[in-house]
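Chemist: Following is a predicted model, sequence given first.
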Amino acid sequence: MVGVPGDKSISHRWLILAATANGRSVIHGLPPSLDVLSSAMCLAAISPRARPGLDAWARGVPAAAEGHGSTWNLRSDGRSSPVLEVEGEGRDAVVAPSGDLHCGNSATAMRLLAGVVSAGRFRSVLTGDDSLSSRPMERVAAPLRAMGASVATSDGCPPIVIDGGPLKGIQHRTRVPSAQVKGAVLLAGLAADGATTVEEPLPTRDHTERALAALGAPVRVEGTMVSVERFQHRGLEGAVPGDPSSAAFLVAAAALTGSRLEVGGVGLNPTRTRFLDVMARMGIKTEQRVSSVVLDEPAGSIDVLPGGDLVGVRVEREELPLVIDEIPVLAMLASHARGETWFLGAGELRVKESDRLAGLAEGIHSLGGDVGDEGEDLVVAGGGLRGGVADPRGDHRLAMAFAVAALAADAPSVIEGVESADVSFPGFVEALREIGGRVETVP
Ligand code: S3P
């Protein structure tokens, strides 16, 4: 059995909820990934009471990362990485940061934190690295402005300058389905007068609403509509389940190498496991078993069973938001399938950590496969990869997807900069080896 680091999406949210809680929180299994560290450090800057606990957790993180993943690969109960223990004095005790809130590579950190600081009576400046600095932020700025905060972006991109203020509830319809925007508006809604409602064109991951409901907040969910009202939560306690988006790489690697695999302690929230349905259509048999539910988040194991040949499939526009982070690995699996695979309406991939549609097309070509990226659609030809040298351009999910696909290529391949996996999956290379992948790293 292998484990994967704690879920990044859940970690950002539980960290925010811990730092803004009225009371003590204890969180096990936070991943030592760079994105989650970014959220923790920004929260330390605005939440003085939570700062010692956040700092102590962050200091413990290098030890886990130096273990190259062996800590969570040995134990998959989510309790092996350092434990976070923080005291909070509630949302009203959030203070002005003394410098910029640097969100690193993480759009989730930036967008969710924008929702939090919009309710503070101070100025915050949210910045990020080069990749994050070119990502669209008006989608979150516009609803927060409508709620009463003064929010400025730089041509729609970071830095975001926010002068928070008294907020009022709004009814917001998102144009692009985005769990980050939904989360930001709901977090701001906890501090607003009146109800705040978010309606999405298609369902997205629902970690914010699950955590809030588990903490007793007045959250109502009807289809793709979520509403919340002013609420101050108390502390929370739980173990973050393993990240299914990280597990997807291992499931794909096992399928391509014909290995049996059990991933334990992994999140099984249905808004995150749709990639298993797509893989099933491609011919990969898996079984899920829920063994626990923490703060409304189900967790358990994914078993990869022996399967046959891979076949090409259609991934429809409607299911795209539910596999948004798994498209890189699904596309690389598709390059080994018989027949074409279509990803329809995947335009959002152009504004992720990199232009993932262009990156995937380039990577598949470099590894000797065939692919077309037409506007919003990606069409992977299938038929196998010859092997080659691929450059994921610093994007963690492209790096891992290329590495997994290379395991089944005709000749050995070189994936440049695979260390970018640390953004979400420190220990990725060791995990691949653990399931039988032949991987060498060169400094
Ligand atoms: C995330 C939502 C998704 C996803 C990202 C994490 C989240 O982004 O791609 O990796 O935690 O809310 P969008 O909501 O912008 O699609």
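Modeler: Received, thanks.
Chemist: Would you mind listing what in this protein touches the ligand?
Modeler: 9, 108, 178, 179, 180, 183, 204, 205, 324, 325, 348 (CB under 6 Å from any ligand atom). Any C-beta I mention is one placed from the backbone N, CA and C, and that applies to glycine too.
Chemist: How is this structure divided into domains?
Modeler: If you go by automatic domain parsing, the domain ranges for the chain are 8-239, 244-434.
Chemist: how about the residue of the stretch 1-150 of the chain found nearest the ligand, secondary structure?
Modeler: Closest residue of the stretch 1-150 of the chain to the ligand, CB to the nearest ligand atom: residue 9 (3.2 Å). Of the three states, residue 9 takes helix under DSSP: H, G, I helix; E, B strand; the rest coil.
Chemist: ok, for it, nearest residue in space, not its chain neighbours?
Modeler: residue 207 (5.3 Å; CB to CB, 6 or more residues apart in numbering).
Chemist: and the one you found, how many neighbours?
Modeler: For residue 207, the tally of surrounding residues (other CB atoms under 10 Å) stands at 25.
Chemist: Just list the residues touching it, thanks.
Modeler: 7, 9, 10, 13, 179, 183, 269, 271, 297 (CB atoms under 8 Å, 6 or more residues apart in numbering).
Chemist: 10 Å - rerun?
Modeler: 7, 9-14, 179, 182-183, 267, 269, 271-272, 295-297 (CB atoms under 10 Å, 6 or more residues apart in numbering).
Chemist: In PyMOL, how would I select just the buried ones from these?
Modeler: Listed next is the PyMOL selection for buried residues among these, using 16 or more other CB atoms under 10 Å:
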select buried, resi 7+9+10+11+12+13+14+179+182+183+267+269+271+272+295+296+297
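Chemist: In strands, which of the contacts of residue 207 fall?
Modeler: 267, 297 (DSSP state E).
Chemist: hey, where'd the helices end up in the stretch 201-350 of the chain?
Modeler: 207-214, 244-257, 274-282, 327-334 (DSSP state H, counting those that start in this stretch).
Chemist: I meant the stretch 1-150 of the chain, not that one.
Modeler: 8-19, 34-46, 51-66, 70-74, 107-117, 138-147.
Chemist: what's the closest of those helices to residue 411?
Modeler: Among the helices of the stretch 1-150 of the chain, helix 70-74 comes nearest to residue 411, with 28.6 Å by CB to CB.
Chemist: What count of nearby residues applies to residue 256?
Modeler: 20.
Chemist: Mind pulling up the pLDDT for it?
Modeler: On the pLDDT scale, residue 256 is placed at 96.
Chemist: Do I have it right that it meets residue 283?
Modeler: No. Assessed by CB atoms under 10 Å, residue 256 is found out of contact with residue 283, at 11.6 Å.
Chemist: What is the neighbour count of the closest residue to residue 276 other than its chain neighbours?
Modeler: Spatial nearest neighbour of residue 276, excluding adjacent residues (CB to CB, 6+ apart): residue 286 at 5.3 Å. Residue 286 has 22 neighbouring residues, counting by other CB under 10 Å.
Chemist: From the ligand, how far out is residue 286?
Modeler: 22 Å (CB to the nearest ligand atom, to the nearest Å).
Chemist: what pairs with that residue across the strands?
Modeler: Beta-bridge partners of residue 286, counted by DSSP bridges, are residue 304.
Chemist: mind listing what it touches?
Modeler: 247, 251, 254-255, 261, 263, 273, 275-277, 279-280, 301-305, 307.
Chemist: Could I get the contacting residues of the closest residue to residue 302 other than its chain neighbours?
Modeler: Nearest-residue entry for residue 302: residue 263, 4.7 Å, with adjacent residues in sequence omitted and distances by CB to CB, 6+ apart. Residues counted as contacts of residue 263 (CB under 10 Å, 6+ apart) are 1-4, 76, 242, 244, 246-248, 250-251, 254, 286, 288, 300-304, 431, 435.
Chemist: Many thanks, have a good one.
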